[in-house]
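Student: when you get a sec, could you give me coordinates for this:
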Amino acid sequence: MALINVKTKEIQIKIVYYGPGRGGKTTNLEYINHNYRDRIKTEMVSLKTHDDRTLFFDFLPFDVGKIKGFEVTIQLYTVPGQAKYNATRRLVLRGVDGIVFVADVQKEQRKKNIESLNQLYENLKTYDLNIFKIPLVMQYNKIDLKELDIPILSSKIMQKDLNSQLRVPAFEASALTGGNVIPTLKKVITMTLASIQDQFF
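Tutor: A predicted model of the protein is given here:
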């Protein structure tokens with residue numbers, strides 16, 4: 001839930017990048033961090049382990065302007081991908097305002113994508129949040145692997161697997177090259193800000 005400081009006229013919004021392990025969540029944030037250095041207030045924090053790139057989260061606040069005279073700061077987090085870190089994933093989701101679900105288009109990751117989305121649904125329920133109501137954007141990542149002849153799932157299959165019921169905005173992307181990374185971010189920010197305006201203003 002957005003943190004609103006009436007005294008300082010500041011709103012802090014939390015957006016979490018969620019999805020299966022090694023799907024490209026951290027790569028999204030690294031791309032944003034690299035390309036928007038002039039708008040980012042702090043250094044990106046990344047805690048890594050031997051068996052998963054991101055154990056806890058990446059933390060990346062930057063300014064996006066004002067709502068009704070309040071300064072808005074966005075904080076971007078990723079969750080660890082591996083299922084064994086589910087307690088940590090759930091912890092990172094506390095106070096979430098918007099979500100980017102980063103799915104891996106590789107055919108061998110199809111089952112993991114579906115499992116991760118189901119787990120997101122369950123983890124949100126812990127905080128009485130409804131996956132159908134929270135601002136959510138789908139990103140079908142690693143589309144660039146097609147050029148390397150690595151078997152990938154079509155956008156149609158990804159939509160059927162992950163988005164047939166949710167019907168949220170979806171982007172084919174390549175976090176590695178930056179393809180659709182910023183449009184994904186802009187979309188989730190727009191949706192989250194609209195949601196916060198409806199709730200608080």
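
Student: where do the strands of the chain begin and end?
Tutor: Ranges of strands within the chain are 3-5, 10-18, 45-46, 58-67, 70-78, 98-104, 136-141, 170-172, based on DSSP state E.

Student: Asp198 is nearest to which of those strands?
Tutor: strand 58-67 (11.3 Å; C-beta to C-beta). No exception for glycine: its C-beta is placed from N, CA and C like everyone else's.

Student: quick one: low-confidence parts of the protein?
Tutor: For the chain, the stretches with pLDDT under 70 are 39-42, 47-63.

Student: if we go to 90?
Tutor: Along the chain, segments meeting pLDDT under 90 span 1-12, 21-22, 26, 29-30, 32-77, 79-89, 91-92, 146-149, 196-201.

Student: list the buried residues of the top helix by length along it.
Tutor: The residue-count maximum for a helix in the chain (DSSP state H) belongs to helix 181-200. For helix 181-200, the neighbour count (16 or more other C-beta atoms under 10 Å) marks Val181, Thr184, Leu185, Lys187, Val188, Ile189, Met191, Thr192, Leu193, Ser195, Ile196 as buried.

Student: and it, how far out from the chain middle?
Tutor: 12 Å (C-alpha atoms, centre = their mean, to the nearest Å).

Student: same check on stretch 178-189?
Tutor: Centroid separation for stretch 178-189 versus its chain: 10 Å, with C-alpha atoms, centre = their mean.

Student: contacts for that stretch next, please.
Tutor: By C-beta atoms under 8 Å, 6 or more residues apart in numbering, the surrounding residues in contact with stretch 178-189 are 13, 15, 28, 31-32, 35, 64, 74, 76, 98-100, 135-137, 139, 143-144, 169, 171-175.

Student: ramachandran angles for Gly21?
Tutor: Backbone torsions of Gly21, given as degrees, to the nearest 10, read phi -60, psi 140.

Student: for the residue nearest to it when sequence neighbours are not counted, give its distance to Asn130.
Tutor: The shortest distance from Gly21 to any non-neighbouring residue, by C-beta to C-beta, 6 or more residues apart in numbering, is to Gly81 (2.6 Å). Distance, Gly81 to Asn130, by C-beta to C-beta, to the nearest Å: 24 Å.

Student: what of Gly95?
Tutor: For Gly95 relative to Asn130 (C-beta to C-beta), the value is 16 Å.

Student: settle it for me: which of the two has more neighbours?
Tutor: A count of neighbours by other C-beta atoms under 10 Å puts Gly95 above the other of Gly95 and Asn130, at 15 against 9.
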